[in-house]
Every structure is written in C-alpha cells, then in structure tokens.
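**Q** just need the structure, nothing else, for what follows:
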Amino acid sequence: MLKSFQNESSRTKRRRIRKNVEKAVLAISAFANVPDSAPTDTVACVADVCENPCTSASCIEFDNSEDNDVVDVASHIESNKQCDVSSGYCGTDNSFCFDDHTDSSSAFDTDSEINDTDLADELAGWVHRCDVLLSHVGLLLGILRKYHPSLPKDPRTLVKTERKVFIKQLKEGHYHHFGIKPTLTNLWNRNCLTVSDNSKQLLLQVNVDGLQVFKSSSYQFWPILGTIMNSVERKVFEIGIYGGYKKPVSVDEFLCEFVKELLQLCENDEVALGHISYSVAIHSVVCDAPARAFIKVIKAHNSYYGCERCVDVGKWTSHRVAFLSTDKPLRTDESFARETDEDHHIGKSLLACLPIGMVTHFPLDSMHLVYLGVVRRLILFWLRGPLNRNCRLSGHSVHIVSDRMLQMRNVMCKEFARKPRSLADVDRWKATEFRAFLLYLGPVVMMDVLSKEHYEHFLLLHVSLYCLNCKRLNQTHVEYAKKLLVCFVQDAVELYGEEFVVYNVHSLIHICDDVMKYKQINAITAFPFENHMKQLRKAVRQARDPLEQAVKRIYERRNTNTGIDVCDAWVSDDSGGAKCQSEHSAGPVLEQHSHVKQFAKVTFGKCTLTLQPSDDCVKLANGDIGIVRNILKTDSGVLLLYARFAVVGSLFTSPYKSELLGFCYKVSNMDGCMQSCNLDAVVAKCLRLPYSRDINVYVVIPMCHNEVY
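**A** Okay, here's the model as predicted:
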C-alpha cells in the first residue's frame, strides 16, 4: 500500500494527507477539550507543503509559530518514543500519532482510494475498447464521482489526453512523427512486444498507404505504419502520420524524419528493451502498387515502363496498358541504383539512403495484387467481359453460382470473418472474400458453370496460390507454382484477350520470387495494416483538426495501461496448450474413457474445433479425414473422437490430382466405427463444403491461410 501511495501524484498525496490531518485535529480537540473545528488555514497549509507520504505510525506535529502555520511530518522513530498507541495521543504538546492499526477508517479510506485508481484504469480501458465519446464519459464520471470521489472530474484526465501535440507544417499538409524508438519502448512497457527468437535484432516491416477520412471531403491520411516481424504477436503501430487534402506533394519532405531516424537505428543506435539492447533492421516495405511507385519515385503501374520486376514495355490496347511478355530480363537492386532503365525512374528516392534493396525489399502485396486485383478482374470478366471472347456467363449461370455461394454461409468456419455473398454484391466484396473464393469456394461453385477451358485456367491460379499460402507446400512447390502462374498469364491472352493482362495479372509471374526470399506469402501481405486503418478513421470525431484528433487518440491509447493491447491472443492451460470449453455429458465416449470430462469446444493456437458442422472437420497426421464427434479431456491431454471418411478422392485432376497435392479432397461414406486420437495428431482444420453433383459427397479443403501446423 505504501509503495502505491508513493507513486501517486502530488495532488493525490495532499488530498489524502488533508483528510488524515482533519481527523488528527478532531482527535486532538477531543482529548484537549478544545473546540471541534480546526483552523482551516492550518489544514490548507498541510495540503500545500506535504509532498512525501507518511509511513505507518508516523506523528504529525503542529508548529504554532506566528510567522506561519506549518505541519511537520516527523520521523516515526522519534515520535513513537512517547506515543500512547491505544489512544493515539502522543506525550508531546499538540502532537497526535495516527497509525494504520489505531485508525481503521483511515485505512479503509486509503484502500477505497486505491480501488478508485483501479476503477479509473478499467474505465480508461473501456473507453478505448468501446470507442466511447468523451462527452459520454464525462456524464458517466459525473454519476460515479458521487460514490467514488477520487475519480477525475474531466474525462481527458481519465484517458490521459495530451494537452498539446507538435504538428509539423508541410506543403499543403501537416505531419506528426511518433518515432520508432519511443514507440517500441512503449510497446515493451505495455507487454505488447516479445521477441520470438534469441536474436538481438528487431526486424521492422513498414507500410505506407493512403486513407480517406471523410466521405464528403477529400481530406486524407497517409500513415507510416510498422510491425516487428520476429515478435510473438504482430502488433501494428504508427510511426508517423501525414494529413492533407491531397497526398504529400514532396515525398522527400514526407519521409524525411522517418528515414533520418531509421538510418540512425540501422547504423549505430540500439533500442533498449528491458535489460537487452536490440538493433533494428528493415525486413520489408509492404505497399500497394501506387504507394510503392510514390515512395520509390518511379513510373506508375499503369505506365509503359511500370513493371517493377522486369523491363517489359507495356502495350496500349483497349484503353489500357497490357504487359504481354513473360521472359524479359529482371530488374535488380544494382540496376535500380544505377538507374540503367531511365524510363522507369522519375527521380531519386530518399529511401535509397537506407541499407535496403530498392527491388528485393519491396515485395508484391498479395492482398492488392492477387485478391483485389487478379481475382476481382477475373470475376468481372465472367460477369461483364467482352462478348467476342465467350467468357461472359449467362444470367442463369450467374444465378446458379450465387445460390451456391449463399448455401456455403452455414458451413463456413469460425476463422472466416465474412460469410460468402452473391455475385450481385461483387463490387462490395472485401479482400478476404476474394481470398476465400480463390482458395476454397471457387473450385466448387464454378464447377459445371464455366467451360472446361476457363475452369481449368482458373484452377491454375487456384493451385498455385494455394501452394504459396500453405506452409507445407510453399517451399517444396514454389517452382511448380511459378510454372503454373506463367501458364495462367500466357493462356489468359487467348481466353480473355490482351486487355486482361494488365499490371496485376502480369506481376503474378514475379510473386514466387518474393516467396523464395521471405519463405511465406502471408508474411508480406498488407492485411494487418489494412485492419489497423479503421482505428485511425475512428479516431477522428469531427471535421476540425482531424490530424490533431488522431494523434491525441493514439497517445491516449499508449499512455493508458488498459490491458487491451496485451499480446495474449489466447490463454492456454495444462493440456498441451489447449483450452477446452462448453462441458457436456451427451457423449459419445469410448468404453476406456467413460469417466472423463467431455467438451463441445477446444481452442489451440489460432484454431477452434467444435461439434458443430461448420467447425468439426479435421485432417490428421495419418492421412485420415474425419468429423469430430466429441472432445475428451484426460490426465494425459485432450482426445478427439472422430468418424473418418472411408472414400477419399480428388476433386480435379488438372493441372494435377488434388488428392496428391494434399487439398481439395472429394470424400464420402462415413465410417461407422468411432476412433480416437490425440489433439496433437491434427495437422489441419478443414472446410467441408457440399458437392453440387451428389448430396452424399463433400469437398474437404484444409485451411491454408490459418494453419495448425
């Protein structure tokens, strides 16, 4: 209690000492037969001059000199010599000893105020978690202060709002720099940063992108975001934010402070986290194509020399630039530094001063390039493509596909944030919906709808991207995936026309190079940064000073120890890192496990298995595809009771048998014999989809973007 009292602010200390002094004066009056009222100036003086907290059984002595009324907090060792602890009265004149044991009400008040401090922290966490308006928080504090007087009156005090923030004036905009080193230190202090390996180096991934703040205004943010790739949890944080009615006019002015600090960290400075000093290295810079061209100061993606990976020159066709070659020489970091292709460059980028490769450290983002780019373009060609290419679907076919998509809503796993929608809403699909269509739903819903040539062409993209997303296949099958993507780009010219092969489609032949360098495609995607953008948009409540509002909200989140950013994505127990929930007794159980606890849900890692049809399908290490019937918790761990499918085959055979690749199984004939396995035997949670040709057959696809293994 004393430690927490010493850590409180001076105003809180004075307020608590004032209360103790008032009680002491009342006690003195009772013993000395003096009036019950104490001089108000004496009590006020106590609050003004007492800065150090009194310890237990410390004595307060009044100095009745005429010059000033001063309360001296004496040492409890000296004052305890003549103290009558039972009465609380000291032998010296006008002195009174208040002790934690003699004045229980004082101790109760102290505990109450400490509890109010905890309440204030919880309220601050609630404000940030639920994004509550400060005006509403002020009304709530007005009610709570009647019962908890120690709570702050102003909501800005509760959430620790910065009084002033420094906003730098730029050309046609403003900028605030949070800093990399202070941000990493703040994350460490809030337990949001834990390095996953034993290295003393932090791998920083950077993202730059634009964000439209208002629907009725052109005002926009251009944040510089970062994340530590070798951290246990990839927490996205702000490094700097630009705000203006157009994107930054000068890229050098925009990146100046960021590059200056990062260059210092990479060369000779370190970040002290706890008792360990870490160096900082740049892992990658993940942006969409327009942002990459902006910060690299090169030609845009829709220009003739816009390809960032090869020297292919675009061709103008059907009002767009198409890149038709797949075998042109590749660009390298050295050729970029020497500017051997002058038509590709606009100027000199300030990022070239950093120890990074201007080609290899700027991977192609699969979120924008593949899902929002290629997959969306492919679907739009099926719906609205040129009639002379025989790629447009009829209205009846579109209706069939939409019905199949809607039927999948009830069988989607918990790991899918969005349920499938019909093709009528394709213009409003999000990137995760296009990803689900390509990796899981597309091969099922488009079967017997597309022509054989178009369906097999789509499977080239499906198989290659599944291999690149799957940890089990992304290194052993990367060359195979690259060959499939080259075939996809080449065949697209015949099936959809030259106008189909724009920058995004052409860049498919280059994404395998990034997977070879960074090991997995999910490590170089913009999904985490795009998810963080909504926090910046929510930080703006009104049109006046939007950048200052966002900066203050960010500092509030960092200054308040709310616990909402603590990197404990899930809580494990003693059962091999698994958490069992929803206990029941409905069975079934095996005879040898008849006296164990039964559960309907188990969570391990990022995966959740339940007894519901949407979350009960698994692939096991022995190759079985099964349906979980019960979850048992024994002394040795968690057991799964499952019924396996007796017949397992391939959904497609071109470009390769899907069964041999390890995904897109066609299963049927459930085995009636119940089997058991340890939870560790699960290698993948699977999506079980209905098969359009037979109601007794299912299509099982192991999840690759959120894997167990």
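
**Q** can you pull out the helices in the stretch 51-200 of the chain?
**A** Secondary structure of the stretch 51-200 of the chain, counting by DSSP state H, counting those that start in this stretch: helices at 76-79, 104-130, 134-144, 155-158, 180-189.

**Q** poorly predicted segments of the stretch 351-500 of the chain, please.
**A** Under the criterion pLDDT under 70, no range of the stretch 351-500 of the chain is flagged.

**Q** doesn't Met447 lie inside a helix?
**A** No. Counting by DSSP: H, G, I helix; E, B strand; the rest coil, one finds Met447 to be coil, located in no helix.

**Q** please tell me I have it right and it contacts Glu456.
**A** No. Counting by C-beta atoms under 8 Å, Met447 stays clear of Glu456, with 11.1 Å between them. Every residue, glycine included, has its C-beta placed from N, CA and C.

**Q** pull out the buried positions in stretch 171-185.
**A** By 16 or more other C-beta atoms under 10 Å, the buried positions in stretch 171-185 come out as Gly173, His174, Tyr175, His176, His177, Phe178, Ile180, Lys181, Thr183, Leu184.

**Q** mind giving me JSON lines with these and columns for pLDDT and distance to His595?
**A** Formatted as JSON lines, the buried residues of stretch 171-185 follow (pLDDT from 0 to 100; distance: C-beta to C-beta, whole Å):
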{"residue": "Gly173", "pLDDT": "94", "distance to His595": "69"}
{"residue": "His174", "pLDDT": "96", "distance to His595": "68"}
{"residue": "Tyr175", "pLDDT": "97", "distance to His595": "66"}
{"residue": "His176", "pLDDT": "97", "distance to His595": "62"}
{"residue": "His177", "pLDDT": "96", "distance to His595": "62"}
{"residue": "Phe178", "pLDDT": "96", "distance to His595": "57"}
{"residue": "Ile180", "pLDDT": "95", "distance to His595": "56"}
{"residue": "Lys181", "pLDDT": "94", "distance to His595": "57"}
{"residue": "Thr183", "pLDDT": "95", "distance to His595": "53"}
{"residue": "Leu184", "pLDDT": "94", "distance to His595": "51"}
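
**Q** in a markdown table, list those residues along with distance to His368.
**A** Listed next are the buried residues of stretch 171-185 as a markdown table, based on distance: C-beta to C-beta, whole Å:
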| residue | distance to His368 |
| --- | --- |
| Gly173 | 24 |
| His174 | 27 |
| Tyr175 | 25 |
| His176 | 26 |
| His177 | 26 |
| Phe178 | 25 |
| Ile180 | 25 |
| Lys181 | 30 |
| Thr183 | 25 |
| Leu184 | 27 |
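
**Q** list the contacts of stretch 481-490.
**A** Taking contacts as C-beta atoms under 8 Å, 6 or more residues apart in numbering, the residues outside stretch 481-490 that touch it are 326, 457, 460-461, 463-465, 467-468, 501, 505-506, 508-509, 511-512, 515, 655.

**Q** that should have said stretch 591-606, apologies.
**A** 415, 569-570, 576-587, 589, 608-611, 630-634, 638-639, 676, 679, 706, 708.

**Q** now list the buried members of those.
**A** The buried subset of the contacts of stretch 591-606 - by 16+ other C-beta under 10 Å - is 578-580, 589, 608-611, 630-633, 638-639, 676, 679, 706, 708.

**Q** all helices for the stretch 501-650 of the chain, in order.
**A** Under DSSP H, counting those that start in this stretch, the stretch 501-650 of the chain gives helices at 503-506, 511-518, 527-538, 546-559.

**Q** where does Ile282 fall, phi/psi-wise?
**A** phi -90, psi 120 (degrees, to the nearest 10).

**Q** for it, what are its contacts?
**A** Per C-beta under 8 Å, 6+ apart, neighbours of Ile282: Leu203, Leu204, Val206, Leu262, Cys266, Leu354, Pro355, Ile356, His361.

**Q** which of the helices of the stretch 51-200 of the chain comes out lowest on mean pLDDT?
**A** Mean pLDDT across the helices of the stretch 51-200 of the chain is lowest at helix 76-79; the value there is a mean of 39.

**Q** I'd like to know which elements the top strand by length along the chain is packed against.
**A** Secondary structure of the chain read by DSSP state E shows that its longest strand is strand 637-650. For strand 637-650, the packing partners by 3 or more C-beta pairs under 8 Å, 6 or more residues apart in numbering; DSSP states H and E come out as strand 578-584, strand 617-620, strand 625-634, helix 658-661, strand 665-670, strand 675-678.

**Q** nearest to Lys247, of the ones you listed?
**A** Across those, Lys247 has its closest neighbour in helix 658-661 (43.1 Å, C-beta to C-beta).

**Q** tell me the helices and strands packed up against that closest one.
**A** So helix 658-661, by 3+ C-beta pairs under 8 Å, 6+ apart, packs with helix 452-469, strand 637-650.

**Q** in this structure, where is pLDDT below threshold?
**A** Within the chain, the stretches with pLDDT under 70 are 1-7, 25, 27-114, 197, 561-576, 706-709.

**Q** can I see the domain layout of it?
**A** 2-102, 108-158, 366-524, 578-702 (automatic domain parsing).
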